[in-house]
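In: 3D model of this:
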Amino acid sequence: MLKKRPPERPRRPSPIIVRPAPGNSCRALVSVGGRVEQAAIGRGGRTALKREGDGATPIAAMSLLSGYVRRDRLVPPVTRLPLATLRPGFLWCDAPGHAAYNRPAHRPLSVSHETMTRTDGLYDICLVMDWNIRARRRNAGSAIFFHLIRPGYLPTEGCIAVSLPAMRRILKVARRGTVVRVVG
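Out: Numbers count the residues shown, from 1 in each chain. Down below sits the predicted model:
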């Protein structure tokens, strides 16, 4: 008599590891799916004590929650991560005293915020990591995204940024719950 196999547990996605690049505190190496990609991180380097406005990338393990894509500027990449369409007027609140702190918002918003439909293309693909979102604390940092790079791999305001080809490769293996681990 044949024995039934127990149902297989869903495999946990492999983490995305972000390590410091040698010789530049604002650059990183992102390991995912057996590849290593160049990246930029915060102008303040990395920190274990993230504060609003410090320009540093948090040393932490952050789950990918979802993402956004500018469908008016590029074809959505293949991914199992939920991607919503970015539309004009979409913002992200980064004002610690506001009820929408570290949350999506819409125009008009009179407090400090990120405009998500940027003209420079940085957020044409923008992944939301769980930094200070599920367990939100005022002044602990907001809008920590995984997004596209500036020419020359210039530093970010605390996010992780990669090229469009690297982002497409990352999205092939990413899904909700994939951990982005920034190491010191």
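In: Show me how far the longest strand seen in the chain is from its chain's centre.
Out: Across the chain, the strand with the greatest residue count (assigned by DSSP state E) is strand 61-69. Centroid separation between strand 61-69 and its chain, computed with C-alpha atoms, centre = their mean, to the nearest Å, is 6 Å.
In: neighbouring contacts of that strand?
Out: 15, 76-77, 79, 81-86, 90, 116, 123-131, 133, 144, 146, 171, 174-182 (C-beta atoms under 8 Å, 6 or more residues apart in numbering). Using the backbone N, CA and C atoms, a C-beta is placed for each residue, glycine as well.
In: can you rerun that using 7 Å?
Out: 76, 81-86, 116, 123-131, 133, 174, 176-181 (C-beta atoms under 7 Å, 6 or more residues apart in numbering).
In: burial count for Ser14?
Out: 13 (other C-beta atoms under 10 Å).
In: Correction: the previous question concerned Leu49.
Out: Counted with other C-beta under 10 Å, Leu49 comes out at 10.
In: these two touch, right, Ile125 and Ile149?
Out: No - assessed by C-beta atoms under 7 Å, Ile125 is found out of contact with Ile149, at 10.9 Å.
In: More neighbours: which of these two?
Out: Ile125 (27 against 21).
In: Quick one: residues contacting that one.
Out: Per C-beta under 7 Å, 6+ apart, neighbours of Ile125: 67, 69, 77, 147-148, 167.
In: Lowest pLDDT pick from the residues you listed?
Out: Across those, the bottom pLDDT score, 89, is held by Pro77.
In: ok, it to Gly141 distance?
Out: 27 Å (C-beta to C-beta, to the nearest Å).
In: Ile170: which element?
Out: helix 164-173 (DSSP states H and E).
In: Could I get the buried residue list for that helix?
Out: By 16 or more other C-beta atoms under 10 Å, the buried positions in helix 164-173 come out as 166-171, 173.
In: next one: stretch 18-36
Out: Using 16+ other C-beta under 10 Å as the test for burial, stretch 18-36 gives 18-21, 25-28, 30-32.
In: ok, Arg102 touching Ser142?
Out: For residue 102 the amino acid is Asn, not Arg. Yes - the criterion here is C-beta under 7 Å, and Asn102 meets it with Ser142 at 3.8 Å.
In: Specify the local secondary structure of the spatially most central residue of the chain.
Out: Centroid-nearest residue in the chain, with C-alpha atoms, centre = their mean: Phe146, separated by 2.4 Å. Three-state call for Phe146 (DSSP: H, G, I helix; E, B strand; the rest coil): strand.
In: mind listing the strands in the protein by residue range?
Out: Listed in chain order, the strands of the chain (DSSP E) span 16-20, 27-32, 35-40, 46-47, 57-58, 61-69, 83-85, 90-93, 104-106, 113-115, 125-129, 145-148, 160-162, 179-182.
In: what helices or strands is the fifth one leaning on?
Out: The one in question is strand 57-58. Helices and strands touching strand 57-58, by 3 or more C-beta pairs under 7 Å, 6 or more residues apart in numbering; DSSP states H and E: there are none.
In: With that, I have no additional questions.
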